[in-house]
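Participant: need coordinates for the below:
(one chain, ligands or ions: 2)
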Amino acid sequence: MAGGVYLASEWRLRNVELPDPFVATIPTDAASIEHGRHVARIRGCFGCHGQSLEGRVYTDQWPWVELAVAPNLAAYAQEHSPATLEAAIRHGIGVDGRALWSMPSYNWTNLSDSDLVALIAFLRSAEVQPSSHPKPKLGWSARWEIASGSVMHMADWVSLVPPLQYQDHPLPAMRLGEYLAMTMCNECHGLDLRGAVAPDGRAPDLAILAAYSEADFRTLLATGTAIGGRDNLNLMSMVARDRFPDLTDEEISSLYFFLNTLGVQPVAEDVPWRPKNE
Ligand code: HEC
Ligand code: HEC
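Facilitator: Ligands and ions are numbered 1, 2, ... in the order given. Purely as a prediction, here's the structure:
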């Protein structure tokens, strides 16, 4: 029985379509590396992999996984090819060819090639901090859920990410705003930004921005404090303080512009990130 669950879960984790290997020249100039740092900062790589990219061990954040380990990213980037990094970052597939489960790759499926190469350039240039982490472990309850098909692994989630729709739009704010929202906010607010069940409650439909002035929105992103002076939105305040102070004025006003167009669009019902009955 236990052996069957193990084999069935391994079969699901390994039965993923490998992407065509990503081939790119990774720049080494200071401007590209600095841009890569910005990409990593606003997408949360530091929050989960450590402020010096030294890696982090998660014992309770993802309770259904017994032991999740976010590896030392600076070391990983020096040891592995750009194709291996790209498979993990955009497709949710690890260096061993198995689907990842805790790393939110669906958030970066639409990351552009130019941002991706800058990100890899930065990771490769980062000083490697010494670290020794235990081996990650998938517990039996997680294996059972994977084997029975009741949860999706990361490669499954990646396959649900909708394509960008407005990248040919005449307004630059619409293009940049959509791109940023769909590679930053969809981690928690749903693959379509219209709300999701998040680890610590519900992340609202981002059409909620209709209630925000641009100044309120800037305050939220820079300080984690929402309208009404609410300064503890749990996960939102935490990620805002870690990631969003690095956003430029143009990035913030583009996000604001794009997110304010969401309200007139219909909201899809009963999608996996927003089940009807939860
Ligand atoms: C929400 C937390 C979280 C964020 C944000 C995050 N990671 Fe991860 N990452 C993990 C965890 C946990 C793992 C270990 C694999 C797993 O459990 O899915 C991981 C694994 C990886 C791996 C190794 C995959 C393998 O096993 O071969 C790479 C590469 C990686 N992350 C890169 C990044 C980059 C680049 C960013 C920023 C764009 C990032 N991560 C942001 C949590 C995170
Ligand atoms: C790591 C998860 C996470 C990410 C990433 C994230 N959010 Fe949130 N956000 C949440 C959660 C959870 C809430 C609900 C918090 C609560 O009410 O306690 C929330 C709430 C909000 C609110 C509502 C505040 C209010 O007035 O109640 C806004 C606006 C918002 N997020 C905007 C954004 C934008 C814009 C982005 C991308 C730039 C983003 N969030 C990225 C998790 C996240």
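
Participant: number of residues surrounding residue 209?
Facilitator: 23 (other C-beta atoms under 10 Å). From N, CA and C alone the C-beta is placed, and that goes for glycine too.

Participant: spatially nearest residue to it (excluding sequence neighbours)?
Facilitator: residue 259 (4.4 Å; C-beta to C-beta, 6 or more residues apart in numbering).

Participant: how much space between residue 18 and ligand 1?
Facilitator: 13 Å (C-beta to the nearest ligand atom, to the nearest Å).

Participant: no, scratch that, I was asking about residue 256
Facilitator: From residue 256 over to ligand 1 (counting by C-beta to the nearest ligand atom), the distance is 23 Å.

Participant: which residues sit in contact with that residue?
Facilitator: 177, 209, 212, 214, 217 (C-beta atoms under 8 Å, 6 or more residues apart in numbering).

Participant: tell me the buried residues in the strand or helix carrying it?
Facilitator: Using DSSP states H and E, residue 256 falls within helix 249-259. Residues of helix 249-259 classed as buried: 251, 252, 253, 254, 255, 256, 257, 258, 259 (neighbour count, 16 or more other C-beta atoms under 10 Å).

Participant: now do that helix, average pLDDT.
Facilitator: Here helix 249-259 scores 98 as its mean pLDDT.

Participant: what's the answer for stretch 41-55, then?
Facilitator: pLDDT averaged over stretch 41-55 gives 97.

Participant: quick one: end-to-end distance for it.
Facilitator: Terminal residues of stretch 41-55 lie 15 Å apart, using C-alpha to C-alpha, to the nearest Å.

Participant: right, is that stretch up against ligand 2?
Facilitator: No: figure legend: stretch 41-55 not in contact with ligand 2 (C-beta under 6 Å from any ligand atom); closest approach 6.6 Å.

Participant: ok, which residues in the stretch 51-200 of the chain are in contact with ligand 1?
Facilitator: Residues of the stretch 51-200 of the chain lying near ligand 1 (C-beta under 6 Å from any ligand atom): 58, 68-71, 73, 76, 85, 88-89, 94-95, 100-104, 108, 119.

Participant: what about those, which are in strands?
Facilitator: Counting by DSSP state E, these place 58, 68, 69, 70 in strands.

Participant: these two touch, right, the first one and residue 103?
Facilitator: No: look at residue 58 against residue 103 with C-beta atoms under 8 Å: they stay out of range, at 10.7 Å.

Participant: of the two, give the one with the bigger neighbour count.
Facilitator: Ranked by neighbour count (other C-beta under 10 Å), residue 58 and residue 103 place residue 103 first, with 19 against 15.

Participant: residue 117 versus that one, what's the distance?
Facilitator: 20 Å (C-beta to C-beta, to the nearest Å).

Participant: how near is residue 213 to residue 251?
Facilitator: Residue 213 is 18 Å from residue 251, by C-beta to C-beta.

Participant: all helices for this protein, in order.
Facilitator: 2-14, 30-42, 45-49, 73-79, 82-91, 113-125, 140-148, 154-159, 172-184, 186-189, 214-223, 235-243, 249-259 (DSSP state H).

Participant: of all those, which one comes closest to residue 201?
Facilitator: Closest to residue 201 of these is helix 235-243 (C-beta to C-beta; 8.1 Å).

Participant: is ligand 1 within reach of that closest one?
Facilitator: No: using C-beta under 6 Å from any ligand atom, helix 235-243 never reaches ligand 1; the gap is at least 8.7 Å.

Participant: so how far is that helix off the chain centroid?
Facilitator: Distance of helix 235-243 from the chain centroid (C-alpha atoms, centre = their mean, to the nearest Å) equals 13 Å.

Participant: do that helix and ligand 2 meet at all?
Facilitator: Yes: counting by C-beta under 6 Å from any ligand atom, ligand 2 has neighbours in helix 235-243: 235, 236, 239.

Participant: sorry, back to before: with respect to burial, which of the helices of the chain scores highest?
Facilitator: Highest mean neighbour count of the helices of the chain: helix 186-189, a mean of 23 (counted as mean count of other C-beta atoms under 10 Å).

Participant: and residue 6, what does it touch?
Facilitator: Counted by C-beta under 8 Å, 6+ apart, residue 6 has contacts residue 143.
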